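Chemist: please find the sequence and the predicted model below.
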Amino acid sequence: MDLGDLVEVKVGLDVGGCRGVFAKRNIKPGEVVFRDFPLLTVKAKVGEPLVMNLARRILKNPKRDEILQHMSVLYPQKLSELTPEMLERAKGKHGNSVSLLSGKQIEPKINDEDILCLLLKICFSAFCGGIYLKKGMLNHCCRPNAVGFQPGQRMNSNGTIINSDASEVV
């Protein structure tokens, strides 16, 4: 995945997701690392978690297979990437959701394992009501070294809002 001139994705690493995002050069504080547009967005529905809302929208979408192809870069690419303990926790947490979503999709239907994998990708890569492929490449740990801003959230040093039509990582 191309993240622009400042950073690159390296795969095959022994870290979560088997990949990492690395700077190609020194990045100055406040410099925009990359801009990202959502692959898909949804409006919040009262009583429905974002994960279910996005998954339902994908599974019912006539372009489902195209959307899933775009999402193939996200972690996990396959459930086999998870440790057995993680897989059991995921099945325990999302089992009912998988059953519910299984009956609410277009034909040809995808299997329950692929639905679980989709739910996990959304859990790890959905931000502010949408799925962002580039932001999904970043480490989302409790101590991040970058900050993501939605359009119209970032300000310059004078306190003026910087207008942008994309999500930005700084």
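Modeler: Great, that's in hand.

Chemist: what about Lys24, how many neighbours?
Modeler: By the criterion of other C-beta atoms under 10 Å, Lys24 has 11 neighbours. (Each C-beta comes from the backbone N, C-alpha and C, glycine too.)

Chemist: does it touch Glu8 like I think?
Modeler: Yes - look at Lys24 against Glu8 with C-beta atoms under 8 Å: they come within range, at 5.7 Å.

Chemist: what about Leu68, how many neighbours?
Modeler: With other C-beta under 10 Å as criterion, Leu68 counts 17.

Chemist: make that Gly95, sorry
Modeler: Neighbours of Gly95 under the rule other C-beta under 10 Å: 12.

Chemist: for Asp65, see how far away it is.
Modeler: Distance, Gly95 to Asp65, by C-beta to C-beta, to the nearest Å: 24 Å.

Chemist: quick one: low-confidence ranges for the chain?
Modeler: 12-19, 139-170 (pLDDT under 70).

Chemist: change it to 80
Modeler: For the chain, applying pLDDT under 80 flags the ranges 1-4, 9-22, 29-30, 34, 44-45, 126-129, 135-170.

Chemist: torsion angles phi and psi at the closest residue to Gly129 other than its chain neighbours?
Modeler: What sits nearest to Gly129 in space, not counting adjacent residues and going by C-beta to C-beta, 6 or more residues apart in numbering, is Thr41, at 5.4 Å. Thr41 adopts backbone torsions of phi -130, psi 160, taken as degrees, to the nearest 10.

Chemist: what residues are up against Thr41?
Modeler: Going by C-beta atoms under 8 Å, 6 or more residues apart in numbering, Thr41 touches 129-131.

Chemist: give me the beta-bridge partners of it?
Modeler: With DSSP bridges as the criterion, Thr41 is bridged to Gly130.

Chemist: what ranges do the helices span in this structure?
Modeler: 50-60, 64-70, 84-102, 112-125 (DSSP state H).

Chemist: about what we covered before: ok, the residue nearest to Gly129 to Ile58 distance?
Modeler: Using C-beta to C-beta, one gets 12 Å for the distance from Thr41 to Ile58.

Chemist: repeat that for Glu88.
Modeler: According to C-beta to C-beta, Glu88 and Ile58 sit 25 Å apart.

Chemist: in this structure, which residue is closest to the centre?
Modeler: Of all residues in the chain, the one closest to the mean position by C-alpha atoms, centre = their mean is Ser125, 1.8 Å from it.
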